[in-house]
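> Kindly generate the corresponding structure for this input.
(one chain, ligands or ions: 1)
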Amino acid sequence: MAWGLGLLKALKYKDKELFVLDQRLLPHRVEWLCCTDATCVAKVIREMAVRGAPAIGVAAAYGYLLAAHTAVVRGDDLTVATLGPAYRDLAEARPTAVNLVWALDRMVACLRSAEALEGGQRLRRLIGEAQSIEARDVEANLAMSQLGAGLLEPGSERNWVLTHCNTGALATAGQGTALGVVRDAWAAGRLEGVYVDETRPWLQGSRLTAWELQQEAIPYRLICDSAAASVLATGRVGWVIVGADRVAANGDVANKIGTYALAVLARHHGVKFMVVAPRSTIDRDCADGGAIEIEQRSAFEVSEIAGEPVAPEGADVYNPAFDVTPAGLIDALVTEAGVVRHPNRAGIARLFD
Ligand SMILES: CSC[C@@H](O)[C@@H](O)C(=O)COP(=O)(O)O
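Reported below is the predicted structural model:
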């Protein structure tokens, strides 16, 4: 299914400018930021004006391209070494989503392979590569959406799904990963509605996913995260469907904090658990979930809501942005290259054959 209204995009690149829809302000304010250099792109990734693993990968690729434009304006030679500081700045913006470094490494490989060409041609190669990273994500979203929707049984009494965080158009270059599956399942009549976790503390579920579903006229019910157990106990939910920020070589999955709890709950209630992620989210160099760096974010995300304190001043806060779901709790990993049932090392390796 094509992205319905054709309106929502997290990023737009045009003529040496990257426009970023500021997701910190949604859903009540729709404002675009404009970046003309890599420092700005690193900042908007770090501060989560743009977020979601595939979207920050695409943003980083365009950030690298902006660094190349800056180098050309300065009269610097366009080489991997010249762009090294921009690479590092972008790569360090957020540590958990591997798509960021994956996209940057593709840009570096592209530049390296063009070293024998003159400067203008190198730049054109980089433009093409950033555009191809974006286009590849759009295609991957469409393929995953179809494959994932196909796993939902038509006519099942358990025809609701539950999702966490935001995995839609705002988190990707296309129609989304887990939310893309939701869209295609809804279009195919395999779904009655979606329970949306609010996703504390940043509220990606209530602010972004509910907003996207509303625009697509897909029925949803917003729940606070702690309601998930009782929702799953009703027997209405067939699948929990989530995205991923990094999938280890053994199938362990890092995703938004609270995902692991949902996987445990799903297993307890006989609900199936689906992870939807493009191959750019799979880190084959990462042996298992224990090796994934988990981003720790500001205490204020927990101790305040919309700038208002909701905890005693000076409260000691632990705020990991992600957790790791062991592969053994996952029923299906959906990628653009196919579905891996009960993901394990061999199944994941086959996706790259
Ligand atoms: C297609 S998005 C998959 C994940 O990136 C998503 O579930 C998630 O955890 C996003 O976290 P965020 O901190 O909002 O960048």
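
> OK, contacts around whichever residue of the stretch 101-250 of the chain sits closest to the ligand?
Nearest to the ligand in the stretch 101-250 of the chain, going by CB to the nearest ligand atom, is residue 243, at a distance of 2.7 Å. Just so you know, the C-beta spots here come from the backbone N, C-alpha and C atoms, and that holds for glycine as well. The contact partners of residue 243, taken as CB atoms under 8 Å, 6 or more residues apart in numbering, are 52-53, 165, 167, 171, 176-178, 255-256, 275-277, 281.

> Now go through those and say which are in helices.
Using DSSP state H, the subset of those located in helices is 53, 178.

> Now neighbour count too, for the contacts of residue 243, in TSV please.
Compiled in TSV, those are given as follows (neighbours: other CB atoms under 10 Å):
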residue	neighbour count
52	30
53	27
165	29
167	33
171	30
176	30
177	33
178	30
255	29
256	26
275	30
276	31
277	28
281	27
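
> Restricting to the contacts of residue 243, which residues neighbour the ligand?
Among the contacts of residue 243, the ones lying near the ligand by CB under 6 Å from any ligand atom are 52, 53, 165, 167, 171, 177, 255, 256.

> so how far is stretch 334-345 from its chain's centroid?
Offset of stretch 334-345 from its chain centre (CA atoms, centre = their mean, to the nearest Å): 17 Å.

> Same check on stretch 176-184?
That offset, for stretch 176-184, works out to 12 Å (CA atoms, centre = their mean).

> Helices of the stretch 151-300 of the chain, start to end?
Taking DSSP state H, counting those that start in this stretch, the helices of the stretch 151-300 of the chain run over residues 178-187, 204, 210-216, 228-232, 259-269, 300-303.

> Next, give me the two most distant ones among the ones next to the ligand among the contacts of residue 243.
Spatial extent of these (CB to CB) is set by the pair 177 and 256 at 12.1 Å.

> burial count for the closest residue in space to residue 137 that isn't next to it in sequence?
Counting by CB to CB, 6 or more residues apart in numbering, residue 137 lies nearest to residue 173, which is 3.9 Å off, once chain neighbours are set aside. Applying other CB atoms under 10 Å, we find 24 other residues in the vicinity of residue 173.

> surely residue 173 meets residue 56?
No. If you go by CB atoms under 8 Å, residue 173 and residue 56 don't touch, sitting 10.8 Å apart.

> in the sheet, who's paired with the residue of the stretch 251-353 of the chain found nearest the ligand?
Nearest residue of the stretch 251-353 of the chain to the ligand: residue 256, at 3.3 Å (CB to the nearest ligand atom). Counting by DSSP bridges, residue 256 is bridged to residue 322.

> re earlier: what sits closest to the residue of the stretch 101-250 of the chain closest to the ligand if chain neighbours are left out?
Leaving aside its sequence neighbours, residue 243 sits nearest to residue 167 (CB to CB, 6+ apart; 3.6 Å).
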